[in-house]
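[1] Have a look at this prediction, sequence included:
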Amino acid sequence: MASSTYITDELRSLRNGGLLQRLRGGDEIAYLITLASAVGILLLVALLVLELWSNSQPTVKTFGWSFLTSSKWDPNSGKFGALPFIYGTCVTSLLALIIAVPLGVASSIFLAEMAPPKFSNILTFLIELLAAVPSVIYGLLGIFILVPLIRAYLVPVLTKTLGFLPIFQGDFYGVSFLSAGLVLSVMVVPFIISVSREVLIAVPVEQREAALALGATKWEATWQIVIPNASTGIIGSVFLALARALGETMAVTMVIGNTPKITASLLSPGYSIAAVIANEFAEASGSLYISSLIFLGLVLFGLTIVINAMARLLILTTSRRGV
Amino acid sequence: MMMEISARRRVTNAVMLSLSGICTLLVIGVLFFILGYLLWEGARSLNLDFFTKLPKPSGETGGGMANAIVGSGKVLLIATLIGVPIGFLAGVFLAEYSGKMFAFTLRYTVDLLNGVPSIVVGIVAYALVVRPMGHFSALAGGVALGIMMIPIAVRTTEEFLRSVPNSMREGAMALGATKAKTIFTVVVPAAISGLLSGMMLNLARVAGETAPLLFTALGNMFWSHGWLQPIATLPVMIYNYALAPDEDLHQQAWAAGFVLLALVLVINITARLIIARGAAGLRR
Amino acid sequence: MATPQRQVLSESTMPPPASDVIDPVKTHAVCKLKATSLNFYYGSFQALHDISIDISSNKITAFIGPSGCGKSTFLRTMNRMNEALRNTRVEGDLRLDNEDLFSINVTDVRRRVGMVFQKSNPFPKTIFDNVAYGLRVNGIRKKSVIEGAVEKSLQRAALWSEVKDKLHKPASALSGGQQQRLCIARALAVEPEVLLLDEPCSALDPIATLKIEELLFQLKTLTTIVIVTHNMQQAARLADYTGFFLLGKLIEFDDTKKIFQNPSKKETEDYVTGRFG
């Protein structure tokens, strides 16, 4: 029986370590280190906002809020206005949504309601891989594939059929709002599909069955019952996609044309907030130039915060309602 | 009368459902087109030089992106060393220690950080690292990407630690383990496959980022020594070469795109497989 | 008050109930764990009311009672596991060999008062590492010591012969009953002075249950056992002493034979005769 107390003796002798023992037990240290990391993140974000704000000051002081409404961007003469970029960001994002939302929602319906589960899962997996493709690669494909294709096939058709509309007038050189909008739509569609599909799947089977039992066709059940149930979530996915589109930099820069102009025509080159920062920041000189670019960054940040918050609210509402 | 309506509804049904199928096909078609074209063009332009030679000065043909490949590796290393520990530890705090109020604040802030456009992160890294140092550097690029890694690291860690059942924690504590020991010797190992694959997905996402590197790491036509010099990275090279008026450089951009995409997709697929297998194991 | 038809004891092939044997030690029963006026609160809800009990050394004590009566809560108070939950408060006195358990470091308490849970919870590690965990976490590093202790614990848990060739396989590969015995071995490795078991057989089939009951019977000589069970027959088979809990109070605590054959309190009688619960 002596061996049975051996462990106990060992443990007892180890216990008498005192402070060192407690330290090695690690509770205080672990708590402090993890807390420090958490607080560190809070401080980092605060620092981030602070840096953006303080570095924008020269522009804020010089132009005030008229910076946001002025459309003159001429670094050489010290004139800076944000409107062309805000315009370009909005136009390209809107165009992207107009294309991506119908396509995305329709696909998500197919994947959630129509396709057999295994098939649907494989397809969804592939579509989510689309979301993982880096932006610069979309840009590459945009420049060398999409733009020539648009120039060769799409634009002639558009000008011939819809050329009377102001949005399709003017010369087309390849780089344009249209090209950027199309590339963006490809980048944004996977998000819409992914989230919408999940929201649709979450609608209880009982709802569908109730509709079908009353004699509705599959489409009618889907369109009239399932989608309204999931509508808030789907709108949430659209907002998510919008937030992504607003901040998208590389693909847009490579195909938008980098011209700070405000025109009605989608065929003309333009500029976006992210694109101008990407293009001009490294070579910008003079504190006013730099601070204007940084202020633009702050504006973009603010926009995405608002859109993201709305998106989360919508998606959260859907899931909480236990749709 | 009833028959007519029935027919119309049936037709609508068929048409609408086919349309949705067609849309899906379109989307999948684009995916295969992207991958296919990239594979084709990229594989065509890929050769040994790509992996071993430095870029040639403008005008000359040939050369490769050896420095960019290594450069991406270095920048990603710094990013991982910054983003993963901070994110992981904060995630541990959220899952194991935090009170409700603080947890809500932290989660909200982390989501905020996640929503910052990548170009804006680049600006911040510029202000925090490049400006005080006076020059561009791999470190600055690593800081920018590291900041982008933090939110996902936090979320993944919290999610997977929470998924470990409480009975494990109780079992360890009942044997005399302190809370810290329980977390690091039982809970974390239990969640390890999820944590690892989450980090891989995180890395894959950041590996393709270009915008934050444009004015932090900048670029370099030669080898970069140490961590404090401007450094070439794969995504930035693609960007620069694609816009250059040189056909040879375009080919190299395709090759680089191929390599980058291959890397990102391989990491992605591996990570998802690990998660899938982990979930299956848990269902026993 | 006692009539033959109210006998709950099954006089079958089970070993004679512990309390039947004339136990010379019984009259000198040593108190191992002593609770005095223990109150426990979840927030503002009082879950335990003024519990006082002496747990005798090297005996099996059972806690019985309907669901929610507080028997598990009290069990978890004895190794201070409830402190891991938020917003709880405990009042009163708890002594192990006359040492105040509330003044010792909590991890020490848990090493000396071990616990086996209702649903087996092996760690996602190998069988060997599971049993060795308690030793390692408490600071023991020597390989030979650990190996010896692991083998000994697995033998004491009647599991050694079944696993000795697969010590480095994952514990998850074992059956439910084996896993529970593994958890017992794991608890035994750190040589606890008291072993608490919270309905250890409720998730197991009758054969596995039998194996564990035989095991507990033998472990009595090694350590003090306290077992919570919703199965009265199990208490009657195993326990020297039984305590009946109801609504957070300890209604009656006595020799098992007396509780089941001749209870003093009406509530006890109602419960053991199956009028409720």
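    Looks like it arrived, so ask away.

[2] so what's the nearest residue to B:F258 once chain neighbours are set aside up against?
    By the measure of C-beta to C-beta, 6 or more residues apart in numbering or on different chains, the closest residue to B:F258 outside its immediate chain neighbours is B:G42, 2.4 Å from it. (C-beta placed from N, C-alpha, C; glycine too.) By C-beta atoms under 8 Å, 6 or more residues apart in numbering or on different chains, the contact list for B:G42 reads B:254-259, B:261.

[3] Can you name the residue of the stretch 1-150 of chain A nearest to chain B?
    A:P134 (2.6 Å; C-beta to the nearest C-beta).

[4] what's near enough to touch that residue?
    By C-beta under 8 Å, 6+ apart, the contact list for A:P134 reads A:250, B:207-210, B:235, B:260-261, B:264.

[5] cutoff 6 Å now
    Applying C-beta atoms under 6 Å, 6 or more residues apart in numbering or on different chains to A:P134 gives the contacts B:G208.

[6] Tell me the pLDDT of it.
    Here the pLDDT value assigned to A:P134 is 93.

[7] Poorly predicted segments of the chain, please.
    Using chain A here. A:1-6, A:13-25, A:317-323 (pLDDT under 70).

[8] Wait, chain C was what I had in mind.
    In chain C (pLDDT under 70), the answer is C:1-28, C:277.

[9] check which helix or strand covers the spatially most central residue of chain B.
    The centroid of chain B falls nearest to B:R205 when counting by C-alpha atoms, centre = their mean (1.3 Å). B:R205 is part of helix B:192-207, with elements assigned from DSSP states H and E.

[10] what's that helix in contact with?
    By C-beta under 6 Å, 6+ apart, helix B:192-207 touches B:76, B:79, B:145, B:148-149, B:152-153, B:156, B:160, B:264, B:267-268, B:271, B:274-275, B:278.

[11] what's the neighbour count on B:S163?
    By the measure other C-beta atoms under 10 Å in any protein chain shown, the count of residues near B:S163 is 14.

[12] ditto for B:V186
    24.

[13] Kindly report the same for the one 3 residues further on.
    Using other C-beta under 10 Å, B:P189 has 16 other residues around it.

[14] List the contacts of it.
    For B:P189, the contact set (C-beta under 6 Å, 6+ apart) is empty.

[15] Could you tell me how far whichever strand or helix holds it lies from the centre of the chain?
    For B:P189, the host element (DSSP H and E) is helix B:188-190. The chain centroid and the centroid of helix B:188-190 are separated by 23 Å, computed with C-alpha atoms, centre = their mean, to the nearest Å.

[16] picking that back up, which one of the contacts of B:G42 is nearest chain C?
    Using C-beta to the nearest C-beta, B:L261 comes nearest to chain C of those, at 35.2 Å.

[17] Enumerate every residue touching that closest one.
    Contacts of B:L261 (C-beta under 6 Å, 6+ apart): A:137, B:38.

[18] Which strand or helix spans the residue positioned nearest the centre of chain A?
    Residue closest to the average C-alpha location in chain A (C-alpha atoms, centre = their mean): A:R244, at 1.3 Å. Element membership of A:R244 [criterion: DSSP H and E] is helix A:227-247.

[19] Just the strands from the stretch 1-150 of chain B, written as ranges.
    With DSSP state E, counting those that start in this stretch, there are no strands along the stretch 1-150 of chain B.

[20] Enumerate the residues of chain C near chain A.
    With C-beta under 6 Å from any C-beta of the partner chain as the criterion, chain C comes near chain A at residues C:138-140, C:149, C:191.
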